[in-house]
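**Q** Show me how the following folds:
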Amino acid sequence: MPTNLSTHFPIWEVASNHIVSTRGDLTIVYALTKPEIFTLSTENFQALHQAWVRAIKLLPPNTVLHMQDWFLRSRYQGNPDKVGASFLSAASERFHHDTPYLDHHCLLSLSLRPRGHQPANSAASALLRKSLVPEDTLSPQAVQEFTGQCSQFIRILTDSRLIECRRLLTEELTSLPDRAGIIEQYCQLAPSGKALELYDIDFHKGLRIGDNHCLLYTLADAAHLPAQCSPHIDYTPYSTDRTPFPTGFTTSLGLLLRCNHIFNQYIFIGDPLDTLKKLELKRRRLQSLSQHSRENAIARDAVNEFLNEAISGQRLLVKAHFNVLAWTEDSAKLQDLKNRIASAVAQLGATPHLETVGAPQIWCAGIPGNAADFPMNETYDSFAEQAACFLTSESNYRSSSGPLGIRLGDRLSGRPLHVDMSVKDNRNKFVLGGSGSGKSFFTNHLMRSYHERGSHIIIIDIGNSYQGLCEFVEGIYFIYTEQHPICFNPFWLAEGESPDTEKRESIKTLLLALWKKDDEAFLRSEYVALSNALQLYYQELAHNKDLFPCFNTFYEFLQDDFVRVLANDRVKEKDFDIANFLYVLRPFYKRGEYDYLLNAAANMDLLHQRMIVLGKPLSRCGNIARREKGNYRASSQT
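**A** The predicted structure is shown next:
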C-alpha cells in the first residue's frame, strides 16, 4: 500500500547550517569545485590523492564521508541577439544553440554519529524505523568540536590548490517556494535551481521516482573490486606507447558516462582498535575452518596479510562503498543504460553488480544528511589510501570569469566556453605546430576574441595570414615596399588633444637617439633646450591651425623661431649646439635621404585604432601594393 514518506523520513531538522537526522547524526555539507577534466598531470593526481588521505586521517572516529557527484544532461542556450555581438559571434551562438552536454556539481557531506550509535543494516535502517535524537547531538560543545575538525579537513583539501570548497548554509540546504533544496533535489532527481515538485517514489518493481526509471549499480564486495587501483589511469584514446595521458581512476563513472547519474562515494571511519579486533576474530575463525576448506585457508591468509599491512604500515582502516544511480524517462532505453554503466564499471577492472534487494536502503542513505544510516553489510574493509583512489577528481570545463580570453569548444561535447589561457599576469603565448596544423587559424581566432573584448592589437604578418581579419574588423593593414617604405609621425596629435608628458618624453628620447651616438652622453642643458623647443612648437601649432605637425615643420621652427629664442636667452654653443643638431638631423628633413621616415601624413590616429597589422608584400609574380583609403593593402594583378 502507498505510504507517506514523511512518517519514515530520516531527516529531523536543518538549522544553524547543519543537518540533523532522526538518529542524531550531525552533518555539514560543502560544495566542491574540482579540476577540469584532462588538465591534471600525474604529479597533480598524486598530490590530490595524498591530500585526500591526509584529510581523511584527521576525521574523528564514527565519521562518515559522503561525496555525491551529480551528472545531469543539459543543453547549451545560445544568445545570438546579444547586444554588441559581432556577425561571427552571433553565428557561433546560433550554431551551438541546444548543444547537449553533461553538467556536473559535487556535494561533500561529513556526518558524525553520536556515541552508542548502532550500525545500520539492510534490515534496520531509517527507512523502516525512527528514533529519538541522542543528547550528544544537542551538545553545543560536541557541535563546535566537530565543526572545527571539518574545517581542518577542508583546509587540507584547499591547501592542495586543486580543489575549492564552500560550505552550504541553511538557506541552500532547505527549499524555497521557487527552488528545491539539496534534500528535495535528491529525492526528486531534480536539477539545482528548479522549482520544487513532488513525485511518487516506487520500490515495488525496481526503483522509480516520478517518470524516471532508476538503476543502482554498486561496488560493495571486495570480490567484485579491481585487482589494483591508483589515483590515476591512462586514458587510452589520448595515450600512446611513449606518452601516457592520465585521467582520474573513476572518471569512467563520471563525465565519461554520458547519461543522467549520481556517483555516490562513502568512506566510514570507525574505531581502529575495534576494527582490528573484529578482523582478528575473523582470522581465528577462518584458521579453525581452514582444515575443512581450501577457500577458508586462502581467506585466512588474505586477512592475515591485511592485518600485517595495517599494523606495520600504520594504515587507517576504513569501510567503503561506491554506487552509481542512473535514470531515464524512457523505459525502452533501460537496457542501453545498463550496458553503458556495466561497460563503465568494467573499465575499472571491477565486476558490475546491479542492486535490487538492498536498493531502497542504499538509496535512502544517499539522502544528504543520512549517510550515517548506510547499511554496513553493503560495505567492505579497506585502507584510506585505496578507498581514496575511488573518489572522483575531475569536473567538466568551466568558462573563465576574466575579461580576456578566447572562445573554445568543450572537447567532450563541443559546448562553447570562454577560456582565459593567461597565467596570472603572464600573457605570453607560444603556438607550436607542424605545417597545416592550424597555427594561423587559431591565432586569427585568438586575435578576434581579444579585439571583441576591447584589446589593442599589433601584428607583424609575414605570410598575409591576418589581412582578412584586419579588413573584417576595419583595422589598418600596412604593406611596406621600396615605393612605400615604413614611416610614422611622432609629432601628430588628434583633433582636440594636447601633448602629455609621456608623449613629450618619447619625442625627446627619439630626437636624442637620432642626434647622439650610443656611447655619447648628452648634457642637461641640451635636454632642457629640446624640452623648451617642443613646448614652444606645440604652442605655435595651437595658434597656427594651418601648420601640419610633423618633423618638417618642427625642423623649420627650429631654424627660424627657436634660433632667435636661444639668442635672446643667451644660450652658449657649448650648452646647446643648434647648428650641429640641425646638421645631424638634416637627412630626415625635406629632400633628405630619410625625409619620409618622420613625416607620415596618412593613418595618423594609430593610438585609437585597435587593430594594426604590419604586412609583408606578396612575393608572387604580379602582386603589387596599392593604397586604398589611406591604407596600404595587398592586391593581385592578372
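**Q** For the rest of this, base every contact and every neighbour count on C-alpha atoms.
**A** Fine.
**Q** Tell me which residue lies nearest the centroid of the protein.
**A** Centrality entry for the chain: nearest residue to the mean C-alpha point is residue 398, 4.9 Å, by CA atoms, centre = their mean.
**Q** Just list the residues touching it, thanks.
**A** For residue 398, the contact set (CA atoms under 8 Å, 6 or more residues apart in numbering) comprises 36, 417, 418.
**Q** export those to TSV and tack on neighbour count and distance to residue 368?
**A** Supplementary listing: those in TSV, determined by neighbours: other CA atoms under 10 Å; distance: CA to CA, whole Å:
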residue	neighbour count	distance to residue 368
36	14	25
417	16	31
418	19	33
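**Q** out of those residues, which one sits closest to residue 260?
**A** Distance to residue 260 across those (CA to CA) is lowest for residue 36, with 19.1 Å.
**Q** if I read this right, that closest one contacts residue 392, doesn't it?
**A** No. The criterion here is CA atoms under 8 Å, and residue 36 misses it with residue 392 at 11.5 Å.
**Q** remind me which residues of the stretch 1-150 of the chain are low pLDDT?
**A** For the stretch 1-150 of the chain, applying pLDDT under 70 flags the ranges 1-7, 116-138.
**Q** hey, what's the residue lying closest to residue 266 once chain neighbours are set aside bridged with?
**A** Nearest residue to residue 266, sequence neighbours excluded (CA to CA, 6 or more residues apart in numbering): residue 66, at 4.7 Å. With DSSP bridges as the criterion, residue 66 is bridged to residue 109, residue 266.
**Q** ok now do residue 66, which residues does it touch?
**A** Residue 66 sits next to 108, 109, 110, 111, 264, 265, 266, 267, 371 when contact means CA under 8 Å, 6+ apart.
**Q** Going by neighbour count, which residues in stretch 68-80 are buried?
**A** 68, 69, 70, 71, 72, 78, 79, 80 (16 or more other CA atoms under 10 Å).
**Q** On the three-state scheme, the fifth one is what?
**A** Translated: residue 72. strand (DSSP: H, G, I helix; E, B strand; the rest coil).
**Q** Within the helices and strands, which one has the residue nearest to the centre of the chain?
**A** In this structure, residue 398 sits in neither a helix nor a strand according to DSSP states H and E.
**Q** Need the per-residue pLDDT for it.
**A** pLDDT recorded at residue 398 is 91.
**Q** related to what we said a few turns ago, what's the distance between the residue nearest to residue 266 and residue 52?
**A** Relative to residue 52, residue 66 is positioned 13 Å away (CA to CA, to the nearest Å).
**Q** now swap in residue 491 and tell me
**A** Remark: distance between residue 491 and residue 52 (CA to CA) = 63 Å.
**Q** could you pull out the strands for the stretch 101-250 of the chain?
**A** Applying DSSP state E, counting those that start in this stretch to the stretch 101-250 of the chain gives strands spanning 164-167, 201-202, 207-209, 212-219, 232-234, 246-248.
**Q** Ignore what I typed, I meant the stretch 351-500 of the chain.
**A** Using DSSP E, counting those that start in this stretch, the strands of the stretch 351-500 of the chain run over 380-383, 406-409, 416-419, 457-461, 476-479.
**Q** Give me the mean pLDDT for stretch 263-279.
**A** 87.
**Q** swap that for stretch 490-509, please
**A** Averaging pLDDT along stretch 490-509 gives 85.
**Q** can you give me the end-to-end distance of it?
**A** Terminal residues of stretch 490-509 are spaced 11 Å apart (CA to CA).
**Q** Same question for stretch 367-374.
**A** Stretch 367-374: ends 10 Å apart by CA to CA.
**Q** next one: stretch 585-595
**A** End-to-end for stretch 585-595, by CA to CA: 10 Å.
**Q** Over to stretch 597-612?
**A** Stretch 597-612: ends 18 Å apart by CA to CA.
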